[in-house]
Structure formats: C-alpha cells, structure tokens
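*Asks:* take a look and give me a structure for this.
(one chain, ligands or ions: 2)
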Amino acid sequence: MTTADVQLNDPQTLYRRWEDSQWSPFEIDLSTDQGQWREMDGDGRGLILFVLSSLMVAEERITTKFSGLVGAYGSEEEATFLATQQVDEARHMQFYARFRDEVIAEPNLIGSHVERSREHVSPAFEHLFDVALIHAHQRVVAEPQSQEAKVAFVTLYHLILESTLGLTTFKFTTDYLNGGGLLPGFVDGYSKIHHDETRHIGYGVWFLRESVAADADLGDVVRTTLRDLLPSVAESLSPSGNGSGGVDFDALGVSLDEVRDFALNGLRRRLELIGVPLETL
Ligand SMILES: [Fe+2]
Ligand SMILES: [Fe+2]
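*Replies:* Ligands and ions are numbered 1, 2, ... in the order given. From the prediction side, this is the model:
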C-alpha cells in the first residue's frame, strides 16, 4: 500500500470523535501538584514556569487567531469540525490559566497570565506566533475563498505549530515530568490536550492532502510556507542558553539531536501523507 492509499479521517468522522472526547479543565485534580509546587526549589520551579509560559502564550495565540479558518470552511461538515477545534483551543488556554491560578497560586485574568508569560519566550517563537501566524490569519480573514490563503494557514497552524513544535514539546516535557513523578494533574490535563491536538492535526493532514490532490500548485504553497518558517522552528527547538528559547530542552535533559530527530521524523511522515515529500522542499 502506498501512502496515497492511506485513509485519513474526514471532518465528519473527527467531529464524531470530538463528541465522544469531552473533558473539563476544571475537573482535573490539581491537589498533588499544589503540594509539590510548594516543596519545589527555585530551579525546578523555573523550569516548569518556562515550559508553562510557552504553552500559555501559544494557546492564547492559537485560540484567538483561528476564527478566520472557521469562516473559510468548504462544507458544512468541515465548518462543524472547525467550530469544535476553536472550542478545544479555548479549553486548553483555560487549563493553563487555571494551573497558574491554583497551583502557582497567582490568580489573575488570562490576559495578565499571558503578559507575564511573554517575558520568557524567544524571538524565534515570537516570529512564528506574533508575526507569521497573525499575517496568515489576516489573509484567510480577508480572502476566505482563496485556497492558497487557506493552505498557507493550515500549513503554518496545523503542520508547523501543532505538529512539529507542539508534539515535540509534549513528548519531552511529559517524559521529564513522568520520569520524576512530577505534577500529575498537569500531566493529566496536558495529555487530554494532546489527545485533542492529534484530532486537530488529523484534520490538517486531511485538508492539505485533499487540496494538493485537487491542485498540484497548492503543493508549492506548502513548500514555500515550510521553507520560510522552518529556520524559526529549528531555532525554537535549539538550546536556549539563558532561558531565551521556546522550551529549554537542555534543562529537560534531552539532547538537541533527539529533539531534532523526533520533530523531523514526524514532519517527514506527515508530508509523505500530504503528497509533498520533505525532499521536494
Ligand atoms: Fe491547543
Ligand atoms: Fe490544536
């Protein structure tokens, strides 16, 4: 079987899965986390705050820079699925904010949490979330009928931010926390978020494959978007020195090679399914 024969889940199937996967950020048990947080030393706290900051900022961007895609739907089934993704992203943002409110014990409005978190993120991270994402989103809002604008947006949002950056951050952060028996409530919520993200990424791969199959020129939109942004992704995943990166993998005890291999292998697999092999970039 070639990758062109692989059945991907369509939006209706993904929507039905969403109906069966409901959870609440306010039902996760954070009591162990609260005790552990109080006992943690400065280094341990710094490391967790750093990861949490990049997740907080990312989910705020991801939540508020999405509605244009809902308006660019191609079918009622796709509009339905995209509406559920928007709810999921808001739920993820709420979970990270609740963790700050109740475990870090600094209750505040989400906007203030995001503002404080911003002190920790790198220029490469800001380029992806504050420049590239905003630009791609504005374009999809201005031209909801443009397949090019939609393909560029989904390539950035689903393929780069949710897959290549998001899945890599999830893997190494949860490996670290699970290895030390740390913050089980956070890991529980983050794992439920991860489960949602795999559904979102499933949509992205489905949409990009359908688009490229219908119009080969759209493959070039995927290529150009990746070529433009992969340097910022690589920088976001590289050792951060004094806390200037997206996530400090070095401090999580993971080598740069491990991080790069994991990120690149995932991207390679998805691009193969989409019909735009990595080698053609
Ligand atoms: Fe999310
Ligand atoms: Fe997502």
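*Asks:* hey, let's count contacts and neighbours off CA atoms from now on
*Replies:* Noted.
*Asks:* what's the neighbour count on residue 170?
*Replies:* Residue 170 has 18 neighbours, counted by other Cα atoms under 10 Å.
*Asks:* what do you get for residue 92?
*Replies:* 26.
*Asks:* would you confirm that it contacts residue 191?
*Replies:* No. Counting by Cα atoms under 8 Å, residue 191 is not a contact partner of residue 92; they are 10.8 Å apart.
*Asks:* for the most centrally placed residue in the chain, give me its contacts.
*Replies:* For the chain, residue 162 is the residue whose C-alpha lies nearest the centre (Cα atoms, centre = their mean; 2.9 Å). Contacts for residue 162 (Cα atoms under 8 Å, 6 or more residues apart in numbering) come out as 197, 201.
*Asks:* gap between it and residue 169?
*Replies:* For residue 162, the distance to residue 169 equals 10 Å [Cα to Cα, to the nearest Å].
*Asks:* go on, residue 228?
*Replies:* From residue 228 to residue 169 the distance is 21 Å (Cα to Cα).
*Asks:* those two: which has the busier surroundings?
*Replies:* For residue 228 versus residue 169, the count of surrounding residues by other Cα under 10 Å is larger for residue 169: 23 against 11.
*Asks:* using the three-state scheme, assign the more buried one.
*Replies:* At residue 169 the chain is in helix, as set by DSSP: H, G, I helix; E, B strand; the rest coil.
*Asks:* before we move on, what about residue 21?
*Replies:* coil.
*Asks:* return the backbone torsion pair for it.
*Replies:* phi -120, psi 30 (degrees, to the nearest 10).
*Asks:* distance between the longest helix anywhere in the chain and the chain's centre?
*Replies:* Counting by DSSP state H, the longest helix found in the chain is helix 184-214. From the chain centre to the centre of helix 184-214 is a distance of 8 Å (Cα atoms, centre = their mean, to the nearest Å).
*Asks:* now do the buried residues in the helix or strand following it.
*Replies:* In the C-terminal direction, the helix or strand that comes right after helix 184-214 (DSSP states H and E) is helix 217-236. For helix 217-236, a neighbour-count test (16 or more other Cα atoms under 10 Å) marks 218-223, 225-226, 229, 232-236 as buried.
*Asks:* contacts for stretch 78-92, please.
*Replies:* 11-12, 14-15, 18, 24-25, 59-60, 62-63, 66-67, 69-71, 73, 193, 196, 200.
*Asks:* buried subset of those?
*Replies:* Here, 16+ other Cα under 10 Å leaves 11, 14-15, 18, 25, 59-60, 62-63, 66-67, 69-71, 73, 193, 196, 200 buried among the contacts of stretch 78-92.
*Asks:* so which of the residues you listed belong to helices?
*Replies:* 11, 14-15, 18, 59-60, 62-63, 67, 69-71, 193, 196, 200.
*Asks:* residue 63 against residue 69, yeah?
*Replies:* No. Residue 63 is beyond contact range of residue 69, at 11.5 Å (criterion: Cα under 8 Å).
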